[in-house]
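In: Need coordinates for the following:
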Amino acid sequence: MNPPCGRCTKPVYPTEKINCLDKYWHKGCFSCDVCKMTLSMSNYKGFNKRPYCSMHYPKTSFTTVADTPENLRLKHQTMLNSQALYKEEFEKNKGKGFSVVVDTPEMQRLKKTQEQISDIKYHEDFERSKIRSDAPPPENRQEPTSQELNNQADNQIPVPPSGVRKRYQAMYSYTAAEADEVSLKEGDFIDDVEFIDEGWLFGSNQRTGQRGMLPANYVRPV
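Out: Predicted coordinates:
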């Protein structure tokens, strides 16, 4: 039995048939769906199993992949491969105590926020560690003699109230540990002294002209 034509539906005889786009066509019926220009096997373009010329071929923004048996087989094979790969990765990482986190834009934003918080905490801890103790570091301190300790115990250093400026004299030598501190030699006079806290004063070394912080237990008021 002769098959029907894909356009006129009349029977197509073997001497005039064209087999294309899963249909049979009369040679004269194999034409563009829009302008009716007669086409051949070398210049037609198929879309949804209909023939078009190059001028009237439907323009699409994406490529449609037909669900042919071969494409369905490849799709199924790809899915099986993906599942096998996932199972392999799962078995490999099982028991290691960590999970794989996808590096999405949201995860990158959270990671950046955590880094900023960590950086702020680091600076806070660093500034807190710079707070000086009441006594100066051991490497900068020259130990006084027993007689000097006895004299110091008998004559405690009065601490002036905040804002009161006075003249002091160094009882021991001291090497500045920070840029804002003043180095002392035993006997140096310190002018314009200002009380900071129980462990530190602020004043000018008359001998060097240097002005800055100095340990309160290294000097005595004059």
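In: Okay, strands next: where are they in this protein?
Out: Taking DSSP state E as the criterion, the chain carries its strands at 17-20, 23-26, 45-47, 50-52, 165-170, 189-195, 200-205, 211-215, 219-221.
In: now for the ones you listed, which one comes closest to residue 80?
Out: strand 45-47 (31.1 Å; Cβ to Cβ). For the C-beta atoms, the positions are set from N, CA and C on the backbone; glycine is no exception.
In: which residues are contacting that closest one?
Out: By Cβ atoms under 8 Å, 6 or more residues apart in numbering, the list of residues contacting strand 45-47 from outside reads 20, 21, 51, 52, 53, 54, 57, 58.
In: So for that strand, what gets flagged as buried?
Out: Of the residues in strand 45-47, none count as buried by neighbour count, 16 or more other Cβ atoms under 10 Å.
In: Name every strand pairing with that strand and say which way it goes.
Out: Using DSSP bridges, strand 45-47 pairs in its sheet with strand 50-52 (antiparallel).
In: Below-threshold pLDDT in this structure: ranges please.
Out: The model of the chain has pLDDT under 70 over residues 60-66, 86, 93-103, 106, 116, 120-165.
In: Domain boundaries for it, per the record?
Out: Under the assignment automatic domain parsing, the domains of the chain span 1-65, 138-221.
In: nearest to residue 119, of those domains?
Out: With Cβ to Cβ, the closest approach to residue 119 among the domains of the chain belongs to domain 138-221: 23.8 Å.
In: tally of neighbours for the nearest residue to residue 200 once chain neighbours are set aside?
Out: Nearest residue to residue 200, sequence neighbours excluded (Cβ to Cβ, 6 or more residues apart in numbering): residue 213, at 5.3 Å. Counted with other Cβ atoms under 10 Å, residues neighbouring residue 213 total 19.
In: ok, residue 213 - contacts?
Out: Residue 213 neighbours (Cβ under 8 Å, 6+ apart): 178, 180, 181, 182, 196, 200, 201, 202.
In: Can I get those in JSON lines including neighbour count?
Out: Conversion of these to JSON lines gives the following (neighbours: other Cβ atoms under 10 Å):
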{"residue": "178", "neighbour count": "9"}
{"residue": "180", "neighbour count": "10"}
{"residue": "181", "neighbour count": "20"}
{"residue": "182", "neighbour count": "21"}
{"residue": "196", "neighbour count": "15"}
{"residue": "200", "neighbour count": "16"}
{"residue": "201", "neighbour count": "23"}
{"residue": "202", "neighbour count": "18"}
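In: Residue 168: which of these is nearest?
Out: residue 201 (7.1 Å).
In: and that closest one, what does it touch?
Out: Under the criterion of Cβ under 8 Å, 6+ apart, the neighbours of residue 201 are 168, 190, 193, 194, 195, 213, 214, 215, 216, 219.
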